[in-house]
Each structure stands twice: as structure tokens, then as C-alpha cells.
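Trainee: got a sequence here, can you build the structure:
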Amino acid sequence: MPQNIWTILGVRIDQMTIEKASDIIIQLSHEGHSYICAANVHMIMECYDDFEFQDVVNSATMIVPDGKPLVWALKILGAKSVERVTGSSLTLEVLKGAQENGISVGFYGGQVATLEQLIQRIKRDFPNLKIGYVFSPPFNTLSEEEQQTIVNSIIQSGTKILFVGLGCPKQEKWMAKHKNKLPTVMIGIGAAFDFLSGSISRAPKYFQEIGLEWLFRFLLEPKRLWKRYFVDNPRFIVKFSWQLFKSRK
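Mentor: All right, here's what the predicted structure looks like:
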């Protein structure tokens, strides 16, 4: 499994390329009972504030760096040839591999309209892909019986790779809870459902490359994202700087 493991504020990050991460996921799909996390600054700070959630994330089979600040942090720590592995890019690469290998995929999360647009795009771009399961769960808390119905449906669908888009930390907790119940590899991809469906515009590539994608997203959703970018990001810089100071001292 993943090599070149680093730790940022107590969270394990696997040095990975998109192609290598996809290959590992395709391999895991034959075994099931595993989940993948795509870490960004928001997730790191959620883990820093909640040790139980940190355990959930660190128990993942693989944790890829989804976020330019984490790529910079890994380089500072000494990682070589670090590549940002976004949820959107990883999803497309895994779908390509799943189509080539005849592996059935599923999608759990997002709003109904978003999922409909997403599936339309995927069917257009991957016409031979097997899509076994698509479900937009309600916002209210599900009963144990309803949760078991969902588990049974996923198993019966034959889905081997399940993309989970519930947002952090909800999707990571959901995957950890269902790891031993589902014979699938689950991938928490956050807002990738919205990006890939076209529901939310992705930042221009130049903004992504220079690490300003956060600014583009903030301008689109200021009420929802202000705390993430103007509280969590500065805290991350301070805490990571302290980690570096202690390690070098």
C-alpha cells in the first residue's frame, strides 16, 4: 500500500500521484472494506480540534493531499515530487480505470439535481462504465432500519467503488462507520460532485496552480466558507510553523 508517509499536525498524509492513487483504488476494489480520504487544511484542522475524528481519518487506507497548502507543507518537510490529488481529478482517473477494468461504481451524497447532472456527464464521458448505485440521502438523521436498507442496496448493486460526497467531517465518519459493512472501497470526495456536475464553477487553472483556489471559492460562497478560510487557514499556518520549530529544535 502507500509509501512515503508524512505527518502534518497529527494527520498521516501519503505522498501520492493521481495515477498511483487510482491504481491502488482499483486494486482495493477487489478486496473492499476500505476507505480513502482527500485531506485539505479544513480536514487537518477538524482533526486537530477533535482527536476522535483524527483517528477516523488516520484509519483510512490512504490519505491523499487535496489542497495546495498541504503540498507546500509536504515539500517543506522534505517530500520529493509531491503532487496535489484533488477529489475531482482523482474521481475522473478512477472512473477511467473502473471503465477499463469493468468495475461497477456508485455515488452516495449530494443533492438530487446535482447527482442527475453528474451522472449525465459521466455517461457521456465514460459510456462503457458500469454505474450500479446512485443515491442522494435526505438531510434528516436516518433510522437504523433506513441505514441498513441503504447498506443492503449498495451490496446488492454490486458496487465495488463508492464515491461519497457528504462533506467533511460527515463523509469520513460515514465511511469509517460502514467500512466493515460494505465490500467496497469508499472515496470521500467532498465538493467534487458539485464541481464535476457543473453545479459550482471550478477556479481557473492558474488560480489552482498558485494556491488561490480558496479565494475563488470564497467569493462564490462567502457565508459558508468564511470561517474555513479566515480562521482555519491562519490557524494552520501557526500550528504547522510550531510543528516545524519543534522538529528542528
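
Trainee: by mean pLDDT, point me to the weakest helix or strand of the protein.
Mentor: In the chain, the helix or strand scored least confidently by mean pLDDT, DSSP states H and E is helix 213-220, which has a mean of 68.

Trainee: tell me the pLDDT of residue 248.
Mentor: On the pLDDT scale, residue 248 is placed at 81.

Trainee: show me where the chain has helices.
Mentor: 18-28, 41-49, 51-58, 68-77, 87-101, 112-125, 144-157, 170-178, 192-197, 205-209, 213-220, 222-227, 233-248 (DSSP state H).

Trainee: what's the second one in contact with?
Mentor: Read that as helix 41-49. Residues outside helix 41-49 that contact it (CB atoms under 8 Å, 6 or more residues apart in numbering) are 8-11, 37, 53-54, 57-58, 67, 69-70, 168-169, 172, 228, 232-233, 235-236, 239. Every residue, glycine included, has its C-beta placed from N, CA and C.

Trainee: 7 Å - rerun?
Mentor: 8-11, 53-54, 57, 67, 69-70, 168-169, 228, 232-233, 235-236, 239 (CB atoms under 7 Å, 6 or more residues apart in numbering).

Trainee: what's the answer for the fifth one, then?
Mentor: Contact with helix 87-101 is made by 18-19, 21-22, 25-26, 38, 64, 66, 105, 122, 126, 128-129, 161, 163, 187, 189-190, 192, 195-196, as judged by CB under 7 Å, 6+ apart.

Trainee: swap in the longest one?
Mentor: Contact with helix 233-248 is made by 8-9, 41, 44-45, 48, 69, 73, 76, as judged by CB under 7 Å, 6+ apart.

Trainee: try it again with 6 Å
Mentor: If you take CB atoms under 6 Å, 6 or more residues apart in numbering as the criterion, helix 233-248 is touched by 9, 41, 45, 73.

Trainee: before we move on, what about stretch 141-156?
Mentor: Identification of contacts with stretch 141-156 by CB under 6 Å, 6+ apart yields 133, 181-182.

Trainee: considering those, which possesses the most neighbours?
Mentor: residue 182 (22 neighbours; other CB atoms under 10 Å).

Trainee: let me see the contact set for that residue.
Mentor: Contacts of residue 182 by CB under 6 Å, 6+ apart are residue 154.

Trainee: now swap in residue 117 and tell me
Mentor: Going by CB under 6 Å, 6+ apart, residue 117 touches residue 197.

Trainee: just the pLDDT for it.
Mentor: 94.

Trainee: from residue 29, how far out is it?
Mentor: Separation of residue 117 from residue 29 (CB to CB, to the nearest Å) stands at 25 Å.
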